[in-house]
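Enquirer: what shape does this take:
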Amino acid sequence: MQRAATIISRQMASLSQVRMAGEAGSGAGKGGGGGGSIRSAGGSFGKMEAAHEDQYFYNQQKQQLQNIRDGLHDEISFHEEQIKRHQEAIARHKERIGNMEKK
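Expert: A predicted model of the protein is given here:
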């Protein structure tokens, strides 16, 4: 359970980053770099580049969330199996106690 909490918190931290300041495609970003020649020129190509970048990060975030969901489903299955094993062990122990009391 601790492992899942660590993974989730690490992935959520990467999802909440702020990437740009100002209008998308309008020039250099917050990082202090030039943002590339197309981005620096601005205009339609800069906006298209920003849209592609946003789509990339959207898809990446969507994949990360799916990975989190899959991991949680795996953990649920694991814990349900553990519960089943423990219940079977409890039943065996109760049966042994019952057999001891009959003797």
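Enquirer: CA atoms for contacts and neighbours, from now on please.
Expert: Will do.
Enquirer: neighbours around I76, how many?
Expert: Neighbour count of I76, defined by other CA atoms under 10 Å: 12.
Enquirer: if I look at it, how far off is N67?
Expert: Here I76 is placed at a distance of 14 Å from N67 (CA to CA, to the nearest Å).
Enquirer: quick one: mean pLDDT over whichever strand or helix holds N99.
Expert: Using DSSP states H and E, N99 sits in helix 43-102. For helix 43-102, mean pLDDT is 95.
Enquirer: just checking, what packs against that helix?
Expert: Here helix 43-102 touches helix 2-15, helix 37-41, going by 3 or more CA pairs under 8 Å, 6 or more residues apart in numbering; DSSP states H and E.
Enquirer: 7 Å - rerun?
Expert: helix 37-41 (3 or more CA pairs under 7 Å, 6 or more residues apart in numbering; DSSP states H and E).
Enquirer: counting neighbours, what do you get for G46?
Expert: Using other CA under 10 Å, G46 has 21 neighbouring residues.
Enquirer: do the one 10 residues further on as well
Expert: Residues near Y56, counting by other CA under 10 Å, number 12.
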